[in-house]
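Undergrad: need a 3D model of the sequence below.
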Amino acid sequence: MIDPAWFLSELTRHRIGCVTGVPCSYVSGLYTLLEGEKERYVSATNEAESVAIAAGVWLGGSQAVALCQNSGLGNMTNPLSSLAGPYRIPVLLGVSRRGWPAGTDEPQHALMGRITPELLGLLEVSTEILDPTPEFAAQQIEAAVQRCADRRSAALIIEKGVFDNAVPAPAVPNVDVLPPAVVHTLSGGKRPRRGEVIAAYLAMAPARVTVATTGYTGRELYGIDDRDTNFYMAGSMGCAAGIGIGLAMTGHPVTVLDGDGALLMRLGSLATVGRYVRSPYLHVVLDNGQHESTGGQRTNGSAVDFAAVAVACGYRAAWRCDGVDAVRTALHQAAQVTDGPVLVHCRVEAGSSGTLPRPEQRLDDLASRLRAHLNRVTVPASVSL
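TA: Predicted coordinates for the structure are as follows:
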């Protein structure tokens with residue numbers, strides 16, 4: 001049986017900079033200890049978010065472990081296949097195997113219990129069933145970390161009884177008391193298009209990483225000004241905020257260019273940002289009211305007050321903007337906040353000026369470029385997949 005404290009010491013020995021995930025009773029002792037590691041642990045609102053956080057940590061120059069029970073692999077499938085895979089961002093997974101052996105767990109876990117190794121294999125994630133003996137488990141952890149060093153994801157499957165969960169439950173912590181937050185409402189000027197907001201942001205010469213959500217936003221940013229500090233998402237819709245969390249955890253100021261439809265997909269990420277980020281984090285929501293890149297279908301955000309939601313989730317401040325002059329003012333004010341996240345909700349007109357280009361670089365080269373720029377390290381060159 002594995003002592004959770006020993007397991008965490010092994011992660012430290014291998015320079016794992018962040019642990020994120022969603023709890024499971026099979027490894028409750030491990031999560032109990034993690035709750036005390038405020039500098040390294042990020043509790044995610046869902047499993048997809050944990051993969052996005054781990055991806056951001058890697059882009060920022062470190063390596064993360066994403067923990068989940070196997071019932072959460074369904075949530076992880078999208079970012080594992082459209083973010084970790086094509087960008088060759090390695091994620092080290094710890095997956096507890098509910099529903100196995102067959103007939104020993106609740107019925108809702110039965111199917112996933114049977115198919116866990118095969119499902120991970122289909123996602124091109126190598127798997128090892130974690131041995132309960134520390135001597136052999138140490139070898140498995142080392143092999144998984146080495147695979148990640150080669151930019152390939154790996155998973156350690158954790159079966160029932162492998163971890164010693166006899167760890168005293170922590171006292172329920174007090175809720176963080178945050179400074180009073182304010183929502184500002186600004187208007188002025190004509191309603192801008194998405195590209196005008198992006199140009200206004202770039203005109204401030206931001207010295208920070210910019211994560212642009214999938215669809216037209218990333219393509220528009222690329223067309224206006226391709227920089228080494230930009231990360232263009234080509235999939236994993238809704239995961240931009242999570243990537244930003246991971247980058248923030250590694251000490252980098254961040255701007256997230258999000259969309260109303262994308263943010264609605266992972267709205268819980270606002271709560272994670274509000275709880276953990278205590279560094280410059282500018283979250284810009286470009287709200288055109290539609291899924292423009294798929295034909296202009298309406299989103300469900302017409303009645304959503306994104307600024308109020310952000311403040312309720314712990315953001316330091318938020319702005320509602322209608323008009324290009326209001327956007328410029330809000331961006332300048334928001335950029336002055338350096339002790340936590342802020343959100344600028346921009347109403348924008350649909351449409352772009354001309355055809356939006358796609359990045360000419362390979363996706364894995366874009367990830368390598370950002371990581372190398374942020375950390376001045378040499379990362380493995382592209383290989384054929």
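Undergrad: and Arg97, what does it touch?
TA: Tyr26, Gln69, Asn70, Gly113, Thr116, Ile129, Ile157, Ile158, Glu159, Lys160 (Cβ atoms under 8 Å, 6 or more residues apart in numbering). No exception for glycine: its C-beta is placed from N, CA and C like everyone else's.
Undergrad: give the other helices and strands that the helix or strand containing Val273 contacts.
TA: If you go by DSSP states H and E, Val273 is part of helix 269-276. With contacts taken as 3 or more Cβ pairs under 8 Å, 6 or more residues apart in numbering; DSSP states H and E, helix 269-276 sits against strand 41-43, helix 47-59, helix 240-249, helix 306-312, strand 341-347.
Undergrad: quick one, the host helix or strand of Ala144 and helix 47-59 angle?
TA: Counting by DSSP H and E, the element that carries Ala144 is helix 134-149. Put simply, helix 134-149 runs at 70 degrees to helix 47-59, going by axes from the mean of the first three to the mean of the last three Cα atoms, to 10 degrees.
Undergrad: which positions in helix 134-149 come out as buried?
TA: For helix 134-149, a neighbour-count test (16 or more other Cβ atoms under 10 Å) marks Ala137, Ala138, Gln140, Ile141, Ala144, Val145, Arg147, Cys148 as buried.
Undergrad: which residues of the stretch 151-300 of the chain score low on pLDDT?
TA: Along the stretch 151-300 of the chain, the model assigns pLDDT under 70 to residues 170-175.
Undergrad: next structured bit after the helix holding Val273?
TA: Where DSSP H and E defines the elements, the next helix or strand beyond helix 269-276 is strand 281-287.
Undergrad: who are the packing partners of that following strand?
TA: Judged by 3+ Cβ pairs under 8 Å, 6+ apart, the packing partners of strand 281-287 are helix 194-202, helix 240-249, strand 254-259, helix 260-265, helix 306-312, helix 324-334, strand 341-347.
Undergrad: kindly calculate the angle that the second one makes with helix 47-59.
TA: Right, helix 240-249. Angle, helix 240-249 to helix 47-59, by the same axes, to 10 degrees: 40 degrees.
Undergrad: repeat for the third one
TA: Compare the direction of strand 254-259 with that of helix 47-59 by the same axes, to 10 degrees and you get 140 degrees.
Undergrad: parallel or antiparallel, which strands does strand 254-259 pair with?
TA: In its sheet, strand 254-259 lies beside strand 209-212 (parallel), strand 281-287 (parallel), with partners assigned from DSSP bridges.
Undergrad: so which of the ones you listed is nearest Asp365?
TA: strand 209-212 (16.5 Å; Cβ to Cβ).
Undergrad: low-confidence bits of the stretch 1-150 of the chain, can you list those?
TA: By pLDDT under 70, the stretch 1-150 of the chain contains no weakly predicted segment.
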